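Visitor: need a 3D model of the sequence below.
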Amino acid sequence: MARLSEQNLRANAALTPAGPADDVLAVDAWGHGADWVASVLASLDVDADELQAATLFGLPGGDLRARPVLSLHGRVLGTKPLLTGEGVSYGYTHRASRDTSVALVTGGYAQGVVRSLGNIADVTISGRRHRIVGRVAMDVCVVDIEDARPLRGSDVVFFGDPDAGHPSLGEWTDATGWSAGEIVAVVGGRAVRTVVA
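Guide: Below you'll find the predicted structure:
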């Protein structure tokens, strides 16, 4: 699920553009939903043609005061022990170096979780960071939760606001070589979008 913060969009729209204006409504407002973004900007009497996308959407490269508008979430489907030497996901690209526990979480490449993030990127569950292990599958991925015991249905944050302790979108750009705009456009186009206050 892609959560869209209306509060952050409104606050970011008030920031002075840090560079030349972009077409912020292109590519479905960079995956944020063009109709929703246009309606929020209209309610603020802000001209979309005068805004920089990185600042408006809180992406890396924009105004440092801008907060991310889009965060990507999943949920824990279940947990199980993983013993030393056991592998997870397709091709067993990850084998446990010690006895641990793993969680199966919703969110895979069909929802915009880039496949190359397996064994590289972290998620946050209950305020703790945990590594995605093995290959990212179509609709799920596996996370090494070590000694944590999240409940089924617990929120999983793939990326969000670093000030809240979430992995940042910048971590995804560094790991994948994709631009922040490419990532949010793909995520916003594939995940279910929900607006939050």
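
Visitor: next secondary structure after the longest strand along the chain?
Guide: Longest strand of the chain, by residue count under DSSP state E: strand 70-82. Per DSSP states H and E, the first helix or strand lying C-terminal to strand 70-82 is strand 87-88.

Visitor: so what does whichever helix or strand comes after that next one touch, helix or strand wise?
Guide: Where DSSP H and E defines the elements, the next helix or strand beyond strand 87-88 is strand 94-95. Helices and strands touching strand 94-95, by 3 or more CB pairs under 8 Å, 6 or more residues apart in numbering; DSSP states H and E, are strand 87-88. Heads up, the C-betas are built off the backbone N, CA and C, glycines and all.

Visitor: which neighbours does the strand it packs on have in its sheet, and in what orientation?
Guide: Sheet partners assigned to strand 87-88 using DSSP bridges are listed as strand 94-95 (antiparallel).

Visitor: and the next helix or strand past the partner strand?
Guide: Counting by DSSP H and E, the element after strand 94-95 in chain order, helix or strand, is strand 100-106.

Visitor: name the residues of the longest strand of the chain that are buried.
Guide: 70, 71, 72, 73, 74, 75, 76, 79, 82 (16 or more other CB atoms under 10 Å).

Visitor: going by distance to residue 135, which of those wins?
Guide: Closest approach between the buried residues of strand 70-82 and residue 135, by CB to CB: residue 82, at 15.1 Å.

Visitor: pretty sure the closest one is touching residue 100, no?
Guide: Yes. Here residue 82 reaches residue 100: they are 5.3 Å apart, a contact under CB atoms under 8 Å.

Visitor: tell me, what's touching the two both at once?
Guide: Common neighbours of residue 82 and residue 100, using CB atoms under 8 Å, 6 or more residues apart in numbering, are residue 144.

Visitor: can I get the buried residues of strand 70-82 in a markdown table with distance to residue 16 and pLDDT?
Guide: Converted to a markdown table, those look like this (distance: CB to CB, whole Å; pLDDT from 0 to 100):
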| residue | distance to residue 16 | pLDDT |
| --- | --- | --- |
| 70 | 22 | 98 |
| 71 | 24 | 98 |
| 72 | 28 | 98 |
| 73 | 31 | 98 |
| 74 | 35 | 98 |
| 75 | 38 | 98 |
| 76 | 41 | 98 |
| 79 | 47 | 98 |
| 82 | 50 | 98 |
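
Visitor: hmm, residue 152 is touching residue 80, no?
Guide: No. Residue 152 lies out of contact with residue 80 (CB under 8 Å); the separation is 11.8 Å.

Visitor: per-domain residue ranges of the protein.
Guide: Segmentation of the chain into domains, based on automatic domain parsing, reads 2-69, 71-179.

Visitor: angle of the longest strand of the chain against strand 100-106?
Guide: Here strand 70-82 runs at an angle of 140 degrees relative to strand 100-106 (axes from the mean of the first three to the mean of the last three CA atoms, to 10 degrees).

Visitor: just checking: what are the partner strands of strand 70-82?
Guide: Strand 70-82 has the following sheet partners, assigned by DSSP bridges: strand 2-5 (antiparallel), strand 100-106 (antiparallel), strand 155-159 (antiparallel).
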